[in-house]
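Asks: pasting the sequence and the predicted model now:
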Amino acid sequence: MRRAHNRDAGGRSSVLTDTLGVCDAEPGSGFGEQNTMLKKNDEIILKIEDMGADGEGIGKYQGMTFFVKDALMGDVVRAGVTKLKKTYGYARVLEILEASPYRVEPVCAFHRQCGGCQIQALSYEKQLDFKQKKVENNLRRIGGFPEELLQQVMEPIAGMENPFHYRNKAQFPVGTDKDGHVITGFYAGRTHQIIPNRDCALGVPVNREILDRVIGFMEKYHISAYDEKTGKGLVRHILTRYGFATGEIMVCLILNGDSLPHQEELTEALGQLDGMTSISINCNRERSNVILGKQTKTIWGQPCITDYIGNVKYQISPVSFYQVNPAQTEVMYGLALEYANLHGTETVWDLYCGIGTISLFLAQQAKQVYGVEIIPQAIEDARRNARLNQIGNAEFFVGKAEEVLPEFYEKEKAQGRKPRADVIVVDPPRKGCDAKLLDTILKMAPPKVVYVSCDSATLARDLKILCAGGYRLERVRAVDNFCQTVHTECVVGLSRAET
């Protein structure tokens, strides 16, 4: 990628700082009283000295903290004030007066409008640094873990050699432009305005050809696009999945209806693509932001595609939960397996197991694995994937993790048995683990807990509870599953503290 340096009159590259951090400041923790002379739409000059957890640049004007979207640490910007609070404010970049030494030329022309790639203009090396510090700061500030401990347990973030074209799944909203032409792409940040873009830099290249053929089909046969405002129109979204290990392709059209006119013509056009394996339609008549409806019908090929993570094979349907970055997922699950330190005799509980991705990884080295997931379809997928891989020591249950594990614990106690768990693995949604579940883990007291997290703030909150209840932080490693964005995964190994 080409670096975008500003140079002074002598041709020297401007370097404003040597470090990149994640600011501890949050809205409401400003550093002075509001400058009463400032008002909305005023223009100010800001030196961006830090970056917030959502990737926004942070600078001060006369002691007042400003959060500036699309500004990077090291930039000097002319900014327009968009909102003022008592002790802090928000602004937008009007002009970059001096570019940060970490600023690079973005690969995608739509990176600022699109809500997907918040930090694509930041060099990848500094993206990794930003995420490492984000995890560390949350563990320190929210979890209360001391700096000296974090220096011992935190391992370097696992990044990618090529941080583009890594997503095996994409969901493209469909609409029309002001001239009535069918468009697809991604929503602009915090809106439902479609930015026309058929060639996302994070998706697989074949997506462009798929979208071209679907849009061409819609225009030829006058198939209408869905209009969120009126609730009319047929095609709502185009979902694609790609198996990186197998080359298999899936296309699913989400419809505001039960059938697709002239579907044979579409399947003929898409079926010519190398690797096309599954074409389906999904019915969703709901006036909501939920993309997929409850009914899916295969109209060409197979109902699923297959892919591998490591040597474990998975079947993936349009509604399956499956990690979007398979290369980094293999790294992440490898860490979970390493932190669990299994020897073939252990009983393992995998909570929030999805389609059994981690469960089947663990089952290769454990005596018995129990997986728990609230979504029935995901458990069906998990059981099918276990059979597909001839894994007989993994059993799956439908239910809430915060209900299934406590019920198991109480039932075992009532029958006079010690509830058995050598390792408990949790991979919760962004909101983290339920308090009742954490309490049950502490009661069962397995020798090891492995926590896989997609939100380091809720991770830090839960780790604080577990460590206060008798666990010790052993190993922490962030994994960059979502390059060019502010999000990151994290794997943590915990062990029972010696008493």
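Replies: Perfect, I can see it now.

Asks: how about the helices in the stretch 351-499 of the chain?
Replies: Under the criterion DSSP state H, counting those that start in this stretch, the stretch 351-499 of the chain contains helices at 357-363, 376-388, 401-414, 435-444, 456-468.

Asks: can you check the chain too?
Replies: 124-141, 147-153, 206-220, 263-271, 326-340, 357-363, 376-388, 401-414, 435-444, 456-468 (DSSP state H).

Asks: still on that earlier bit, closest one to I223 among the helices of the stretch 351-499 of the chain?
Replies: helix 376-388 (28.0 Å; C-beta to C-beta). C-beta coordinates here come from the backbone N, C-alpha and C atoms, glycine included.

Asks: could you tell me how far the closest one lies from the centre of the chain?
Replies: Offset of helix 376-388 from its chain centre (C-alpha atoms, centre = their mean, to the nearest Å): 23 Å.

Asks: repeat that for stretch 227-246.
Replies: 19 Å.

Asks: what comes up buried for it?
Replies: G233, L234, V235, R236, H237, I238, L239, T240, R241, Y242, G243, A245 (16 or more other C-beta atoms under 10 Å).

Asks: how far does that stretch stretch from one end to the other?
Replies: End-to-end distance for stretch 227-246: 36 Å, by C-alpha to C-alpha, to the nearest Å.

Asks: quick one, what contacts the spatially closest residue to G74 that is not a sequence neighbour?
Replies: Sequence neighbours aside, S100 is the residue nearest to G74 in space, at 3.0 Å (criterion: C-beta to C-beta, 6 or more residues apart in numbering). Counting by C-beta atoms under 8 Å, 6 or more residues apart in numbering, S100 touches L16, I48, L72, M73, G74, D75.

Asks: surely G89 touches A79?
Replies: No. Using C-beta atoms under 8 Å, G89 is not in contact with A79, being 9.7 Å away.

Asks: about what we covered before: I only care about the contacts of S100 that end up buried; give me the ChimeraX line for that.
Replies: Restricted to buried positions by 16+ other C-beta under 10 Å, the ChimeraX selection for the contacts of S100 reads:
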select :16,48,72,73,74,75
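
Asks: about what we covered before: now the common contact residues for G89 and A79.
Replies: In contact with both G89 and A79: F66, using C-beta under 8 Å, 6+ apart.

Asks: tell me the contacts of V214?
Replies: By C-beta under 8 Å, 6+ apart, the contact set of V214 is T184, V235, I238, V251, L253, L266, L270.

Asks: now do the last one: how many residues are near it, please.
Replies: Residue crowding around L270 was assessed by other C-beta atoms under 10 Å; the count is 19.

Asks: isn't it right next to M276, touching?
Replies: Yes. Using C-beta under 8 Å, L270 makes contact with M276 at a distance of 5.7 Å.

Asks: joint contacts of the two?
Replies: In contact with both L270 and M276: V251, using C-beta under 8 Å, 6+ apart.

Asks: now do the phi/psi pair for the residue nearest to G74.
Replies: phi -60, psi 150 (degrees, to the nearest 10).

Asks: dump the contacts of V214 into JSON lines; add pLDDT as well.
Replies: JSON lines is the format used below for the contacts of V214 (pLDDT from 0 to 100):
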{"residue": "T184", "pLDDT": "97"}
{"residue": "V235", "pLDDT": "98"}
{"residue": "I238", "pLDDT": "98"}
{"residue": "V251", "pLDDT": "98"}
{"residue": "L253", "pLDDT": "98"}
{"residue": "L266", "pLDDT": "98"}
{"residue": "L270", "pLDDT": "98"}
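
Asks: thinking again about what came up before, quick check, nearest of the contacts of S100 to N168?
Replies: Nearest member of those to N168, counting by C-beta to C-beta, is L72, at 28.9 Å.

Asks: which residues touch the closest one?
Replies: I48, M51, G57, S100, Y102, R103, I119, A121, L122.

Asks: L150: which of those residues is nearest?
Replies: Among these, and counting by C-beta to C-beta, the member closest to L150 is M51, at 19.4 Å.

Asks: in this structure the closest one contacts F67, no?
Replies: No. The pair M51 / F67 is not scored as a contact, 9.7 Å apart, by C-beta under 8 Å.
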